[in-house]
Every structure is written in C-alpha cells, then in structure tokens.
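A.B. asks: here's my sequence, what's the structure:
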Amino acid sequence: MKRSRINEIMEEADAMIRAHGFTLPPFAYWTPDEFRARTDAVRIVEARMGWDITDYGQGRYEELGLFLFTLRNGFAADLERGRGMVYAEKLLISKQDQISPCHTHIVKSEDIINRGGATLAIELFGSDDAGGFAEDRGGTVLCDGIARDYAPGEILCFAPGESVTLMPGDWHAFWGEDGDVLIGEVSTVNDDLTDNIFREPIGRFAEIEEDEAPRHLLVSDYAGWLS
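C.D. replies: Coordinates of the predicted model:
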C-alpha cells in the first residue's frame, strides 16, 4: 500500500469514528516525531496499541482489507497468570463488500459488535477435530447472549447494536453489507503476530510504499521508526 493511501484512510476512519460518537485516545494523533520524543510511551509500543491498516499483503485494500485501531491490550503473561490485564479492545471499519478473509484464533475469544453504520455480515465455519478449517462443520455462537447454531458457510447479519461472541475454532470472514460499518471488538489479550490463523496463506500486514511521510505511525511501523 502507498503511504499516501494509508494517510487518507486514517483521516477517513477518524471522521467516521467521530460521526458515531467515539473519539480516539490522545496518542492516536501524535506525529512520528512526537512519538519518538515520548519517554513514557513504552507500554503503548509493547502492547502494539494504535493504528493498523492492512490489505493482507495483496494490494487490493478496497476488496480485501481492514481498518483497525487497538485502544487497549494486555499481555500473554497476564493470561497465563489468570489475572491482571487479560483483555483487549479495538475499533474496526469494514467497508462495503470489503472482505476480511476467513481466519480463526488459537487463544483469543472475542465479541464482535456492530457499533454503527451498515449491516455487519459474518460467514462462519466450524473446526475439525484438530482445530483446522472444516467446510462441512458448523457450530454454535452467542448472539448478544443467545445461543445460535450456524450451518457451515452460513452468513449471519448484525444490525447496529447487535453482536456475536466468537471462540477459538470459529472460523470467520466478515464485511460491510450495503455500506460501511463501524465495529467494536472486545476480546482476551490480542496477539496479531502469532494468533491469526488464516484459511488460505496470506499476510497479516501491508507492505508499504513510502511515497510520502506518515501522518501517524502504524503498529507495524514501531520496530522500524522507534528503534
């Protein structure tokens, strides 16, 4: 992805988030130079909080992509101890017909919440006995606390305010139906480096063409820009 397009997406996403009554935290608006100058931002960097815009390395963001902002996040050590900051929270934007490809998680369970905009469509499959993708298996999810069985490949649709709880082994792809949708994610600790298992081999982060200076840093920029 070109950095200029990433900068545009940041501006568009911030406008949509504000339009739905949410405001990103102050660190979202730091410039790269301001980020570098902070001596108190270690926790933000280590927890990989912040902007995350991906085309899954495929170069087709409008068709296959996702906007995310990690608002808060704990660490795997917290989960292992069973106490401390064992949770994470994100805001996502899925554009109309923009696919977030089929995947599951080994550790993370998550509530996916339609926070506003269009309908959120989620395609679901179950797992085989080893936890792998199973095109012939369904499962059961909680939709706002109500158990709902799903058939393999069934598409569940969620209006603003509605949500689904996904557990490890619930294979899911999602997109905005008939418009763009603002999504909330509340989960156990999030690890985007190791805990995203995609049905098809695909990258998690975008490869960036630096055609202009970054507006704000992505979480995938931290290692290179803040070292």
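A.B. asks: gap between the single longest helix found in the chain and the chain center?
C.D. replies: For the chain, the helix reaching the highest residue count under DSSP state H is reported as helix 3-19. Counting by CA atoms, centre = their mean, to the nearest Å, helix 3-19 is centred 15 Å from the centre of its parent chain.
A.B. asks: repeat for stretch 32-46
C.D. replies: Per CA atoms, centre = their mean, the displacement of stretch 32-46 from the mean C-alpha position of its chain is 22 Å.
A.B. asks: what does the following helix or strand past the longest helix of the chain rub up against?
C.D. replies: Beyond helix 3-19 on the C-terminal side, the first helix or strand identified by DSSP states H and E is helix 32-37. Contacts of helix 32-37 from elsewhere in the structure, counted by CB atoms under 8 Å, 6 or more residues apart in numbering, are Phe27, Ala41, Ala213, Pro214, His216, Leu217, Asp221, Trp225, Leu226. (Glycine included, C-beta is placed from N, CA and C.)
A.B. asks: give me the pLDDT for the residue nearest to the spatial centre of the chain.
C.D. replies: The residue at the geometric middle of the chain, judged as the C-alpha nearest the mean C-alpha position with CA atoms, centre = their mean, is Leu68 (4.8 Å). Looking at Leu68, its pLDDT reads 98.
A.B. asks: tell me who's in contact with the residue nearest to it when sequence neighbours are not counted.
C.D. replies: Distance criterion CB to CB, 6 or more residues apart in numbering; nearest residue to Leu68, sequence neighbours excluded, is Asp52 at 4.1 Å. Asp52 sits next to Phe67, Leu68, Phe69, Thr70, Asp192, Phe205, Leu218, Val219, Ser220 when contact means CB under 8 Å, 6+ apart.
A.B. asks: number of residues surrounding the fourth one?
C.D. replies: Yep, that's Thr70 we're talking about. Residue neighbour count, defined by other CB atoms under 10 Å, stands at 21 for Thr70.
A.B. asks: just checking, what packs against the helix or strand it falls within?
C.D. replies: Using DSSP H and E, Thr70 falls within strand 66-73. In terms of contacts (3 or more CB pairs under 8 Å, 6 or more residues apart in numbering; DSSP states H and E), strand 66-73 is packed against helix 3-19, strand 50-54, strand 87-94.
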